[in-house]
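J.: fold the following and give me the result.
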Amino acid sequence: MARVNLGRVRGKDGYIPPMYFESAPFLVASDKRRITVKAGTKIDLGERTFSVDVDTEYDIASILDVGALAFGKDYYLFICPQGSADIVVKASLTKSAPQGFSAEAVELIGGFHTLCANVGDDLTYFEGNVEKNHPLNGYIAGDILPYSVWCLNHRPYSEPEGMVYIPTLDFWCDIYLQSGSGANTKSAYRGAITRNRQYVDFVEDQFCVKKELLDDGEFAAAMIGSNEMTAVAGTNDAGATSGGAGGRVDTAGRRMISIYGVEEGCGSLWQFLRTTSAGGADGTFYGQTSAQGVTPVTQGWITTVG
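T.: The predicted structure follows:
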């Protein structure tokens, strides 16, 4: 099958406007479709200040600017002036400003990604030889992925779309297998999966969007809770790629999703890492198969024997 990749990036903050809050994230998912702003949050907005003295929960349906929550989408949270003195919290699919407000008047404070397909109710996984229930059991398409919630003091160095936070090793990871290339590299639901390219091309794609490939330990951390010892339903390249990234099940009918919400990371397609992994003495990699100077240049699988 084709080699593809997931991107990752450390949790480094960019510009943060004047505000006050504890070091912990001030935005968290408090329910499948609710967000909580933590007590002590204070954000300046021109001549007004958004201040929260106690944990304050918002139902996304009630603050959405238009429509209903869609599946596999990135939503953005804003504080917006309303009337002569009030400030309201709004959610939108639009990154510049929610409908009815100008970009100059609002402040983008965070966002989240919604689940692309129902998870099911009976998934389990092993951690440290202990069987556990998958934390996304019962989640349906359109629910908030808890580890995708980002805010001004808790976000990746790259743009946050299509990413989740992996707390065990403190990094952000793409939810979906890569689509696009170069500056158009994305982690997007139903994005056409980018594959059959050389390692260096994938590395450069990630650099273009302020990311890098996962290493072996990070891959293991991000994929915990995923299906094990199974393949994608269809067990072929078409089964792993038709329809684009996200939402697949394996040959046992189990959703291919980690406890953090990373999609089809195991049993779908081979992936490049930025470090070697425990794959054994023999292996294959994708590269140039034609001799140097010979045209046309051909590429394919190269087998190595240790």
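
J.: please count neighbours and contacts with C-alpha atoms only from this point.
T.: Noted.

J.: output the longest strand anywhere in the chain as CSV, nothing but the C-alphas.
T.: Longest among the strand segments of the chain by residue count, using DSSP state E, is strand 74-82. Only the C-alpha atoms of strand 74-82 are listed here, as CSV (Å, rounded to 0.1, in the frame of the first residue of the first chain):
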residue,chain,number,x,y,z
ASP,A,74,-13.2,23.1,12.4
TYR,A,75,-15.2,25.6,14.4
TYR,A,76,-13.9,28.9,15.8
LEU,A,77,-14.9,30.7,19.0
PHE,A,78,-15.1,34.5,19.3
ILE,A,79,-15.8,37.1,21.9
CYS,A,80,-18.0,39.8,20.2
PRO,A,81,-19.3,43.2,21.4
GLN,A,82,-23.1,43.4,21.4
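
J.: show me what the most centrally placed residue in the chain is bridged to.
T.: For the chain, the residue nearest the mean C-alpha position is Met163 (2.1 Å; Cα atoms, centre = their mean). Taking DSSP bridges, one finds Asp174 as the beta-bridge partners of Met163.

J.: follow-up on the earlier one: show me what the longest strand of the chain is packed against.
T.: With contacts taken as 3 or more Cα pairs under 8 Å, 6 or more residues apart in numbering; DSSP states H and E, strand 74-82 sits against strand 86-92, strand 107-113.

J.: in a markdown table: those, plus distance to Tyr125.
T.: Putting those into a markdown table (distance: least, Cα to Cα, whole Å) gives the following:
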| stretch | distance to Tyr125 |
| --- | --- |
| strand 86-92 | 34 |
| strand 107-113 | 23 |
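
J.: highest average neighbour count across these?
T.: strand 107-113 (a mean of 23; mean count of other Cα atoms under 10 Å).

J.: pairing partners for that one, with directions?
T.: Counting by DSSP bridges, strand 107-113 is paired with strand 74-82 (antiparallel), strand 150-151 (antiparallel).

J.: Ile63 is nearest to which of those?
T.: Evaluated over the strands paired with strand 107-113, closeness to Ile63 peaks at strand 74-82, with 9.2 Å, by Cα to Cα.

J.: so what touches the closest one?
T.: The contact list for strand 74-82 (Cα atoms under 8 Å, 6 or more residues apart in numbering) reads 50, 87-95, 97-98, 101, 105-114, 161-162.

J.: same question, stretch 45-53
T.: Against stretch 45-53 from outside (Cα under 8 Å, 6+ apart): 37-44, 79, 85, 87, 106-107.

J.: and what of stretch 258-267?
T.: 115, 134-136, 145-147, 164-166, 173-177, 222-232, 245-248, 250, 256-257.

J.: per-residue pLDDT, the closest residue to Met256 other than its chain neighbours?
T.: Nearest non-adjacent residue to Met256, counting by Cα to Cα, 6 or more residues apart in numbering: Glu264, 4.7 Å away. With respect to pLDDT, Glu264 scores 97.

J.: likewise for Cys80?
T.: Here, the pLDDT recorded for Cys80 equals 95.

J.: for it, give its distance to Glu104.
T.: Using Cα to Cα, to the nearest Å, Cys80 is found at 10 Å from Glu104.

J.: between these two, who's got more neighbours?
T.: Neighbour tally, Cys80 and Glu104, criterion other Cα atoms under 10 Å: the higher count belongs to Cys80, 22 against 8.

J.: which residues does the nearest residue to the more buried one once chain neighbours are set aside contact?
T.: Distances taken as Cα to Cα, 6+ apart put Val106 closest to Cys80, at 4.8 Å, once the chain neighbours are dropped. The contact partners of Val106, by Cα under 8 Å, 6+ apart, come to 45, 78-81, 97.

J.: just Val28 next, same as before
T.: Neighbouring residues of Val28 by Cα under 8 Å, 6+ apart: 35-38, 146, 149-150.
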